[in-house]
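A.B. asks: just to be clear, the model below is a prediction. Sequence and coordinates:
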Amino acid sequence: MESANADELHLRHVEKDVLIPKMMREKARERCAEKVEAFTHCCKESGFLMVLNCRQENSALKECLTLHYKDPGFFEECKQEYIKQKTEFERTGIPLKKRNQKLPTSM
């Protein structure tokens with residue numbers, strides 16, 4: 001746990017300003033899945049008129065996402081998850097994408 005606290009103090013600029021916000025966007029989209037689905041459905045139904053027809057869905061989606069983006073607790077949650085993933089990568093050398101893949105059962 002000591003190394004996690006040391007890493008937390010030394011997050012690089014790109015981690016704070018790019019990688020953690022990217023994780024926040026992905027998680028916020030998951031948490032606002034109902035509004036994302038409603039907006040997507042409206043856009044598919046409206047075609048070129050989506051700009052006019054889907055204002056309400058777009059506003060609801062933006063409001064939901066912005067609520068998560070501005071929440072300091074949510075940022076802290078994503079930061080801790082990022083630090084955990086980073087620490088695990090440093091320990092194993094295996095990126096998260098490959099860690100989640102199943103190993104072949106026969107060689």
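C.D. replies: The structure has been received and is ready for your questions.

A.B. asks: so what does the longest helix along the chain touch, helix or strand wise?
C.D. replies: Ordering each helix of the chain by length in residues (DSSP state H) puts helix 72-92 first. Applying 3 or more C-beta pairs under 8 Å, 6 or more residues apart in numbering; DSSP states H and E, we find helix 72-92 packed against helix 2-9, helix 20-31, helix 96-99. C-betas here are computed from N, CA, C, even on glycine.

A.B. asks: at 6 Å instead, please
C.D. replies: helix 2-9, helix 20-31 (3 or more C-beta pairs under 6 Å, 6 or more residues apart in numbering; DSSP states H and E).

A.B. asks: comparing those by mean pLDDT, which bottoms out?
C.D. replies: With a mean of 51, helix 2-9 has the lowest mean pLDDT of those.

A.B. asks: distance from the helix or strand that that helix is followed by to the middle of the chain?
C.D. replies: The helix or strand immediately downstream of helix 2-9 is helix 13-14, counting by DSSP states H and E. When distances are taken as C-alpha atoms, centre = their mean, to the nearest Å, helix 13-14 is centred 16 Å away from the chain's centroid.

A.B. asks: likewise stretch 44-63?
C.D. replies: With C-alpha atoms, centre = their mean, you get 23 Å for stretch 44-63.

A.B. asks: residues making contact with that stretch?
C.D. replies: 35, 38-39, 42-43 (C-beta atoms under 6 Å, 6 or more residues apart in numbering).

A.B. asks: count of neighbours near Leu61?
C.D. replies: By other C-beta atoms under 10 Å, 21 other residues sit near Leu61.

A.B. asks: the one 5 residues further on too?
C.D. replies: When counting by other C-beta under 10 Å, one arrives at 11 neighbours for Thr66.

A.B. asks: distance check, it against Ala60.
C.D. replies: 11 Å (C-beta to C-beta, to the nearest Å).

A.B. asks: repeat for Gln80
C.D. replies: Taking C-beta to C-beta, one finds Gln80 at 29 Å from Ala60.

A.B. asks: same question, Cys78
C.D. replies: Distance from Cys78 to Ala60, by C-beta to C-beta: 23 Å.

A.B. asks: swap in Glu26?
C.D. replies: Applying C-beta to C-beta to Glu26 and Ala60 gives a distance of 19 Å.
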